[in-house]
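[1] Next comes the sequence, and after it the predicted model I'd like to discuss.
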Amino acid sequence: MLLRALPVAALLPALPAFAQAAPRVVSLDYGLASTLLGLGVVPAGITDLAGWDKWVVEPRMPAGVADLGTSAEANLEVLAGLKPDFILTTPYLDAQLPRLREFGAVLRLETFKYEGTPILTAAIAATRKLATELGREAEAERFLSGMDAFFADCRQRLAGKALPPVALVNLMDARHARIYGDPGLFHDVLGRIGVHNAWTERSTDWGFQTIAIEELSRIADPDAILIAFDPVPADVMPKLGRSPLWRSLPVAQPGHFFVLPPALMFGMVNEAMRFGRLVTQLLEREA
Amino acid sequence: MTAQAAVRFGFRPAIVTLGCMLLAGALAWLLVAPRIGAGVAEGYDVTRMVLLHATLPRLATALIAGAALSLSGALFQQVLRNPLASPTTLGISAGANLALVIALLFFPALLGLGRDLVALAGSAAAAVIVMGLGARRGFSPLSLVLSGLVVSLWCGALAAVLTFLNDRYLVSLFIWGAGSLAQQSWDIPLSLLWKVAVLALLSGLIVRPLSLLELGDGSASALGVRLAQLRFVAIAIAVALAALVTSAVGVIGFIGLVAPIIARLAGARRVPELLLWSSLIGAALLLSADVAVQLAAGAFSDFLPTGAVTAIFGTPVLLLLLRKLKTRHRVIAAPLPARRRLSAAQAAAIGFGALAVAVIVAIFVGRAFDGTWTWLAGDMVREMLSLRMPRVFTALASGAMLAVAGVLLQRLTGNEMASPEVLGISAGATFGLVICIFVAAAPGLGAQLGFAATGAFAVLAVILAFALRSGLSPERVLLAGIALSAMVDAVVGVLASTGDPRALLVLRWMSGSTYNAVGGTAAALGAAALLLVGLALLARRWLDLLPLGPSPASALGVPLKMSRLALFCLAGLLSAVATLGVGPLSFVGLMAPHLAREAGLVRALPQMAGAAVAGGALMVLADWLGRTVVFPYQIPAGLTAALVGAPFLILLLSRRR
């Protein structure tokens, strides 16, 4: 009875249908999914669609895109039904590669793997590689020069202002935070728009450090501002408000501490631009 | 043992306490001194603020939490007459933690009512379950701690996996589950202080009757001590202490076990001495540990949660203690007088019928693309079969193997809480995987399985080597195994709280998914299951005779050492292979043997067959529920089985009183 599973499973799924027009692409990564939109390709399906509006927000994901479940365990039954031409993955999902190849051509793109080059540079290279595979080189160059122009515009809008250095965190609970340093996508974007990162310590290769709140006192510059990205857990701000330490931190003072809408650190070019826009708007208003 | 030790060492508890305090003080000075020195800067004085509102409250919290946990441990050890009892080993802290995690994830409004109340409810529930299981075996120290550690493991794993499934980017619960003492105000230490002080005063009131307990139950009742009430009050105080600490700073492992032991080794024998010195030593220990962690974390500029670190260092203490404990063989309680016993034929018909239904449903009932429930048909049949059948048969084979391993272990050890999960094999597999994921750059599935298998067999070898020295005393094997599991749990906790995305891969593996099953692996698992279960069935004579006890068994011609070694190895192989299929957490190996016994299958052969069928069916059902209920998202089979199975198991065990 058990052994009967073998011959059935050996009959692999039928070959993917040959695409007539636009290739059918599914993405197992948020950054790659939003890059697809940037290249003018609407994905057939993405993982964690349910969390898109909480973590990525923009660009909006058009209706009709299928949800593939979690990225660690993309739903293979849905995947088989979608019959994709391309499946986009990152090195993080390497263990799944042999399985995924049964359902379509797998494009493995190194988007947030740190190997000595800045993360943004890696994201740009991955965007070009993706575009080559999909035959969208022209769109990619337009998309990337759009990014360059966007960052140049941000830089120019901020030029001449006395810009404070900024520290970037996600508050995890009332006692701990994740702080983003170098290497990291956010750090690279700050460099592009001419803003200094107030957190000068090196982060892990994943782009962040986990710290206790009082370690924010290691931010040396008295002018520095602190930006926390949503979602901030509901109980955090009331609890911090009762902490004398928090209330006395220079970066927690009114005019120094701001909560901004979500921005995804594990993203690519679109996430970098969203982050750049949020920070630029804040600094234009406050600096 | 403790009295002898005291005579041998001959030093006084006060001196030892003073030593611990001096160590803690010196370490704390190392941490604080540079901040005081730098504190005379002009203008805004951030260093002073950090010292006043972060460093000092953290030191105070460590002192109070350490004292509270140790007082709790000392009370448990005294009232249960169990040198292994503590909030950690009885599952009290883990119960509080799980309750808080569930409240935070699913009923945030409850936390508005008060974290302490939620934590208290969780730890009280854990206490009731563990004590209930322990009472059935006359509060034997090892059995009680075994039940406690199983509950602890289950709660800890469930809390971690629930968090992981709920939100991949928010790992705060891990930090907190792993016990971080970081503070930014005096709120927590001050509120903890008065609550702990009240409970300490209450425990002071029962010191005298507790001392009378030392004379023995008979003399104590003769002197007017109401035993049941006294025990209840003492345990309630101990549970409350542990719950409050967990609610304030998370799970701090093993301090409550180690401090009273040191106090006793130092010669504290009378109850008031024991409670006092334990608390002080515990305060000093946790302070030392926390300061050491801060100094180390400063050096590596990385985040280390104190609670998990104390667990990593506390586990070896538990292992060392085991060697000093006397154990004796126990016969499993006579088979329950079942109200209606099934005939073998009826049991077989029901078992195989249920299994067949489970397999057919699991293969043919699913969710369509748009989420509607469908019976598999149409043009996708072949493709869907090739996706579903490997998962179903992986679940089936793994469930059956875990179940048989459970029967072997329960019969070998005479302990109904024995199961593959507590043998430590699964922990070894998890640890192998951790090494693989963190050492290899991007390991493939094959490498991951290879490392997991190596880890499983390495642990099996270590446990057997450890246990051979003690003549393979079964309960020691189990406790050594579960202590290792606790340690691996702590290591995973440390990794997860750093937020490293690779830690999530480990958690995913722990949650026990059949996702990676393909035809080839399913067939290999099936073949292994047939072979190993077949071998187990062949050993039925040993398995019928060993539970009678060592002397009757050898009198009937069972080679004790040889048979135990062979059966432990077989159980190890079964659980190692099954763990590769469905992860380390299903608890099917604990449930299925009880289901079989409940159905009236008492002798080894029918019990093994019945357990295999029940275990297979349970796992298949769990896998199917996990694949369909939250479609297109998936709940791993191991987690589903543990979620559904654990309450059911508790019900089963409590009914059979």
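    All right, it came through fine.
[2] Quick check: the gap between the closest residue to A:L245 other than its chain neighbours and A:I219.
    Distance criterion CB to CB, 6 or more residues apart in numbering or on different chains; nearest residue to A:L245, sequence neighbours excluded, is B:H53 at 3.5 Å. The way it works is simple: take the backbone N, C-alpha and C, and place the C-beta from them, glycine included. Between B:H53 and A:I219 the distance is 16 Å, computed by CB to CB, to the nearest Å.
[3] And B:V130, by the same measure?
    46 Å.
[4] Which residue of these two possesses the greater neighbour count?
    Just comparing B:V130 and A:I219: by other CB atoms under 10 Å in any protein chain shown the higher neighbour count belongs to B:V130, 26 against 22.
[5] Mind telling me what element that one is part of?
    Using DSSP states H and E, B:V130 maps to helix B:115-135.
[6] likewise B:C155?
    Assigned by DSSP H and E, B:C155 belongs to helix B:141-166.
[7] And the average pLDDT for that helix is what?
    Here helix B:141-166 scores 75 as its mean pLDDT.
[8] name the helices or strands packed onto that helix?
    Packing contacts for helix B:141-166, counted by 3 or more CB pairs under 8 Å, 6 or more residues apart in numbering or on different chains; DSSP states H and E, involve helix B:92-106, helix B:115-135, helix B:172-177, helix B:474-497, helix B:501-510, helix B:637-655.
[9] Can you classify B:V251 as helix, strand or coil?
    With DSSP: H, G, I helix; E, B strand; the rest coil as the basis, B:V251 sits in coil.
[10] Quick check, it in contact with B:P305.
    No: contact criterion CB atoms under 8 Å: B:V251 and B:P305 do not qualify, at 9.3 Å.
[11] Is chain A within reach of stretch B:308-320?
    No: counting by CB under 8 Å from any CB of the partner chain, chain A has no neighbours in stretch B:308-320; the shortest distance is 13.4 Å.
[12] Would you mind writing the CA trace of that stretch as CSV?
    The C-alpha coordinates for stretch B:308-320 follow below in CSV (Å, rounded to 0.1, in the frame of the first residue of the first chain):
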residue,chain,number,x,y,z
ALA,B,308,17.6,31.0,27.4
VAL,B,309,21.2,31.3,28.4
THR,B,310,20.5,30.2,32.0
ALA,B,311,18.6,27.2,30.5
ILE,B,312,21.5,26.2,28.4
PHE,B,313,23.8,26.2,31.4
GLY,B,314,21.2,24.8,33.8
THR,B,315,20.5,21.7,31.8
PRO,B,316,23.8,20.0,32.6
VAL,B,317,23.1,20.5,36.3
LEU,B,318,19.9,18.5,35.9
LEU,B,319,21.9,15.8,34.1
LEU,B,320,24.5,15.7,36.9
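[13] So for that stretch, what gets flagged as buried?
    B:A308, B:V309, B:T310, B:A311, B:I312, B:G314, B:T315, B:L318, B:L319 (16 or more other CB atoms under 10 Å in any protein chain shown).
[14] Contacts only, for the fourth one.
    Taking CB atoms under 8 Å, 6 or more residues apart in numbering or on different chains as the definition of contact, the neighbours of B:A311 are B:T88, B:V251, B:G253, B:F254, B:A486, B:M487, B:D489, B:A490, B:G493.
[15] before we move on, the earlier item: chain center to the helix holding B:C155: distance?
    How far helix B:141-166 lies from its chain's middle: 4 Å, per CA atoms, centre = their mean, to the nearest Å.
[16] now swap in stretch B:287-300 and tell me
    26 Å.
[17] Of all the residues in the helix or strand containing A:A125, which ones are buried?
    A:A125 is located in helix A:119-134, with elements delineated by DSSP H and E. For helix A:119-134, burial by neighbour count (16+ other CB under 10 Å) applies to A:I119, A:L120, A:A122, A:A123, A:I124, A:A126, A:T127, A:L130, A:A131, A:L134.
[18] So which elements touch it?
    Packing partners of helix A:119-134 (3+ CB pairs under 8 Å, 6+ apart): helix A:30-38, strand A:86-89, strand A:105-108, helix A:137-158, helix A:185-193, helix A:269-286.
[19] what residues does it touch?
    Outside helix A:119-134, the residues within contact range by CB under 8 Å, 6+ apart are A:23, A:25, A:31-32, A:35-36, A:38-39, A:41, A:86, A:88, A:107, A:109-115, A:136-137, A:139-140, A:143-144, A:147, A:183-185, A:187-189, A:192, A:207, A:267-269, A:272.
[20] CA atoms of it as CSV?
    Presented in CSV, the C-alpha positions along helix A:119-134 are these (Å, rounded to 0.1, in the frame of the first residue of the first chain):
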residue,chain,number,x,y,z
ILE,A,119,22.1,45.8,-0.9
LEU,A,120,20.6,48.4,-3.2
THR,A,121,23.3,47.6,-5.8
ALA,A,122,22.4,43.9,-5.5
ALA,A,123,18.7,44.7,-5.9
ILE,A,124,19.4,46.7,-9.0
ALA,A,125,21.5,43.8,-10.5
ALA,A,126,18.7,41.4,-9.6
THR,A,127,16.2,43.7,-11.3
ARG,A,128,18.3,43.7,-14.5
LYS,A,129,18.7,39.9,-14.4
LEU,A,130,15.0,39.4,-14.0
ALA,A,131,14.2,41.8,-16.8
THR,A,132,16.6,39.9,-19.2
GLU,A,133,15.0,36.6,-18.4
LEU,A,134,11.5,38.0,-19.0
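[21] tilt between that helix and helix A:30-38?
    Put simply, helix A:119-134 runs at 60 degrees to helix A:30-38, going by axes from the mean of the first three to the mean of the last three CA atoms, to 10 degrees.
[22] orientation of the helix holding B:C155 relative to helix B:115-135 in degrees?
    140 degrees.
[23] which of the residues in helix B:141-166 are buried?
    Going by 16+ other CB under 10 Å, helix B:141-166 has these buried residues: B:141-165.
[24] tell me, how many neighbours does A:D235 end up with?
    Using other CB under 10 Å, A:D235 has 15 neighbouring residues.
[25] quick one: the strands in the stretch 151-287 of chain A?
    A:166-171, A:176-180, A:208-212, A:225-229, A:257-260 (DSSP state E, counting those that start in this stretch).
[26] Would you mind putting the CA coordinates of the first one into CSV?
    What it means is strand A:166-171. The C-alpha trace of strand A:166-171 is given here as CSV (Å, rounded to 0.1, in the frame of the first residue of the first chain):
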residue,chain,number,x,y,z
VAL,A,166,18.2,59.5,11.2
ALA,A,167,18.0,56.3,13.1
LEU,A,168,15.5,53.7,11.8
VAL,A,169,13.8,51.1,13.9
ASN,A,170,10.9,48.7,14.1
LEU,A,171,9.7,48.6,17.7
